[in-house]
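[1] how would this look folded up:
(one chain, ligands or ions: 1)
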Amino acid sequence: METKKKGGFTSSIGFVFAAAGSAVGVGNIWRFPYLAARDGGGLFLLVYLILVLTFGFTLLTTDIALGRRTGKNAWEAFGSIRPRWGFLGKLTFLVPTMIMTYYSVIGGWVLNYATVYLTGRQHLAAEDGFFTSFITSQISPIVFMLIFLAMTAFVVYAGVEKGIEKFSSVVMPGLLVMIIAIACYSLTLSYTDADGVTRTGLQGLAVYLIPDFTGLTASRFLGILLDAMSQLFFSLSVSMGIMITYGSYVKKEVNLNRSIAQVEFFDTGVAFLAGMMIIPAIYVFSGTEGMASGPSLMFVSLPKVFASMGAAGTVVGIVFFLMVLFAALTSCVSIMETLVATCMNLFHKDRKTTSLGIFVFALVTAVIICLGYNVFYFEYTLPNGSTAQLLDIMDYISNSFLMPLISFLTAIFVGWVISPRWIEEEMEVNGEVFRKKKLYGFMVRYAVPVVMAVLFLQSTGLLGMILG
Ligand code: PHE
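    Residues are numbered from 1 along each chain as shown. As a prediction, the model looks like this:
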């Protein structure tokens, strides 16, 4: 059998850890908390949860079932069902290729922070300008990226069972324990600032959990909705072929209904806990203004919070950045694995040679991205108004532009070309009950295409033009 030859997950829980390893990454620990903090905590949380249970569930189910039923990578999966739709596989393959160019750069940043804390230089990280001066320097971001990339390549090189499954099965449970410990610690914090105002972790928790509808306008709500939706794609690693690849490694006996629910639960749980660990801490030490800092929350604001915790802050800082490092590694592994698996098929080469080839590709492109902050520095305004360098442009094209487009096309393909039945059959292949069948059919035929079309127009700036 082909599946034997190419390797696969040995157990259902091994698959869940590996897929959760892909899903849980800097998206959960860095992106989710800053979006939640910026978008007012509770309301964002509520919107996100509803989207996970509807859109997240639909997209994840589609990818994994497509992968398992065809036993193929995205590149070939679509074309093997309907040859005319082969283009969609190639388009999908573009996303991990683009993400590969910059994910290891961010991994390198995280590795640098972990090293700073481990070597007792944590005061440096809390200084103003530390982050900017690091990423704009010419050599060290490249060195840290190289080490991170080499670690990733090593796991992929070791293969699916011995590399990915084993690594994820150790890292993921460990990550969960660490994150719960820091989240609980965060709630016990209390701080009195120079004005004599005391803020506690529990008050911070309330800001995070209780939706605040005051002053909510329709356009602000739409903004929150779009933030939550793009976060969902990125966080679940859907619509980029990765979950199709992992799905193709799953044994037929595995109950997909259960595994998919577990992956969703794990990913959302970690994001929720990451918010619970970061938001109260930021609130305690810098109030609600601190919460609005956006992308720099983890790299700039959080080290300051750790610094103000005294000795405990050093320990928490070490644990925190190590945890982010592992989460980033398992995600980067899944991106590289998708590229390697696809190229192994395309070029009929073995895993070792292909891993090496992809490693070289990733290295060259990542060096260019690193140099985007100095040698190749420029400022480009994206359709959404933010200023971008090379890294942000790659991120924007892959996450904001290609992913809605791919989800749209995939939903049309499943909903209207092959029919949702095709996916439902795979979900019930061992006689399981696909309980959310009705929801799935409705989502994939109507809700996903409509919402993705709107998101796509929005990301290209066309929506703004149409609405004037
Ligand atoms: N899902 C990962 C995260 O939350 C990111 C990721 C993106 C992983 C793309 C794989 C591919 O960080």
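[2] sec struct for the residue in the stretch 251-400 of the chain that the ligand sits nearest to, please.
    Ranking the residues of the stretch 251-400 of the chain by distance to the ligand (CB to the nearest ligand atom) places residue 331 first, at 3.8 Å. The way it works is simple: take the backbone N, C-alpha and C, and place the C-beta from them, glycine included. Put simply, residue 331 is helix when judged by DSSP: H, G, I helix; E, B strand; the rest coil.
[3] Got the phi and psi for the nearest residue to it once chain neighbours are set aside?
    In space, and not counting its chain neighbours, residue 331 is closest to residue 25: 3.2 Å by CB to CB, 6 or more residues apart in numbering. Here is the backbone geometry of residue 25 (degrees, to the nearest 10): phi -160, psi -160.
[4] Ok, residue 79 next?
    Given degrees, to the nearest 10, the pair of backbone angles that residue 79 has is phi -60, psi -30.
[5] could you pull out the strands for this structure?
    With DSSP state E as the criterion, the chain has strands at 190-192, 198-200, 380-381, 387-388.
[6] Lowest average pLDDT across those strands?
    If you rank those by mean pLDDT, strand 387-388 sits at the bottom with a mean of 80.
[7] Packing partners of it?
    strand 380-381 (3 or more CB pairs under 8 Å, 6 or more residues apart in numbering; DSSP states H and E).
[8] Name the surrounding residues that touch the strand it packs on.
    Contacts of strand 380-381 from elsewhere in the structure, counted by CB atoms under 8 Å, 6 or more residues apart in numbering, are 387-389, 393.
[9] Include distance to residue 215 when you put these into CSV, please.
    What follows is the contacts of strand 380-381, written out as CSV (distance: CB to CB, whole Å):
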residue, distance to residue 215
387, 27
388, 30
389, 33
393, 34
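[10] Of the residues you listed, select the buried ones using a ChimeraX command.
    Buried members of the contacts of strand 380-381, defined by 16 or more other CB atoms under 10 Å, are picked up in ChimeraX with:
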select :388,389,393
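[11] Looking at the contacts of strand 380-381, which one is closest to residue 71?
    The nearest member of these to residue 71, counting by CB to CB, is residue 393 at 35.1 Å.
[12] rewinding a little: quick one, what contacts the residue nearest to residue 331?
    Going by CB under 8 Å, 6+ apart, residue 25 touches 235, 237, 327-328, 330-332.
[13] Tell me the one of those nearest residue 350?
    residue 332 (21.6 Å).
[14] That closest one contacts residue 110, doesn't it?
    No. The pair residue 332 / residue 110 is not scored as a contact, 10.5 Å apart, by CB atoms under 8 Å.
[15] intersection of neighbour lists for those two?
    With CB under 8 Å, 6+ apart, residue 332 and residue 110 have common neighbours residue 148.
[16] Any figure for the gap between residue 148 and residue 303?
    To residue 303, residue 148 is 19 Å away according to CB to CB, to the nearest Å.
[17] before we move on, what about residue 281?
    From residue 281 to residue 303 the distance is 11 Å (CB to CB).
[18] before we move on, what about residue 214?
    32 Å.
[19] Who has more neighbours out of these two?
    residue 303 (25 against 5; other CB atoms under 10 Å).
[20] what's near enough to touch the nearest residue to that one once chain neighbours are set aside?
    Spatial nearest neighbour of residue 303, excluding adjacent residues (CB to CB, 6+ apart): residue 125 at 3.9 Å. Going by CB under 8 Å, 6+ apart, residue 125 touches 113, 116-117, 303, 306-307, 317.
[21] Do I have it right that residue 397 meets residue 98?
    Yes. Shown here, residue 397 and residue 98 form a contact pair, counting by CB under 8 Å, at 6.3 Å.
[22] Compare neighbour counts for those two and give me the winner.
    More crowded of residue 397 and residue 98, by other CB under 10 Å: residue 98, with 20 against 17.
[23] What about the residue of the stretch 51-200 of the chain found nearest the ligand, how many residues nearby?
    Closest approach between the stretch 51-200 of the chain and the ligand, counting by CB to the nearest ligand atom: residue 99, at 4.8 Å. Residue 99 has 25 neighbours, counted by other CB under 10 Å.
[24] Now stretch 37-47: average pLDDT?
    Predicted confidence along stretch 37-47 averages 87 (mean pLDDT).
[25] Report the separation between the residue of the stretch 251-400 of the chain closest to the ligand and residue 110.
    11 Å.
[26] what sits in contact with each of the two?
    With CB under 8 Å, 6+ apart, residue 331 and residue 110 have common neighbours residue 26.
[27] nearest spatial neighbour of residue 144, skipping sequence neighbours?
    residue 108 (3.6 Å).
[28] same question, residue 13
    residue 169 (7.5 Å).
[29] From residue 159, how far out is the one you found?
    For residue 169, the distance to residue 159 equals 14 Å [CB to CB].
[30] now swap in residue 300 and tell me
    For residue 300, the distance to residue 159 equals 38 Å [CB to CB].
[31] Give me every residue in the stretch 101-250 of the chain lying close to the ligand.
    Residues of the stretch 101-250 of the chain found near the ligand (CB under 6 Å from any ligand atom) are 234-235, 237, 240, 242.
[32] Which pLDDT does the model give the residue lying closest to residue 149 once chain neighbours are set aside?
    Excluding the flanking residues, the one nearest residue 149 by CB to CB, 6+ apart is residue 104, at 4.4 Å. At residue 104, the pLDDT value in this model is 94.
[33] Just list the residues touching residue 104, thanks.
    Counted by CB under 8 Å, 6+ apart, residue 104 has contacts 145, 148-149, 152, 332, 362, 366.
[34] possible to save the residues you listed as TSV with neighbour count?
    Converted to TSV, these look like this (neighbours: other CB atoms under 10 Å):
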residue	neighbour count
145	26
148	25
149	22
152	28
332	27
362	24
366	26
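[35] which one is residue 42 nearest to, not counting chain neighbours?
    Per CB to CB, 6+ apart, closest to residue 42 is residue 211, 3.6 Å.
[36] Please report phi then psi for the one you found.
    Dihedral pair for residue 211: phi -60, psi 140, per degrees, to the nearest 10.
[37] Also the one 3 residues further on?
    Phi and psi for residue 214, reported as degrees, to the nearest 10, are phi -70, psi 130.
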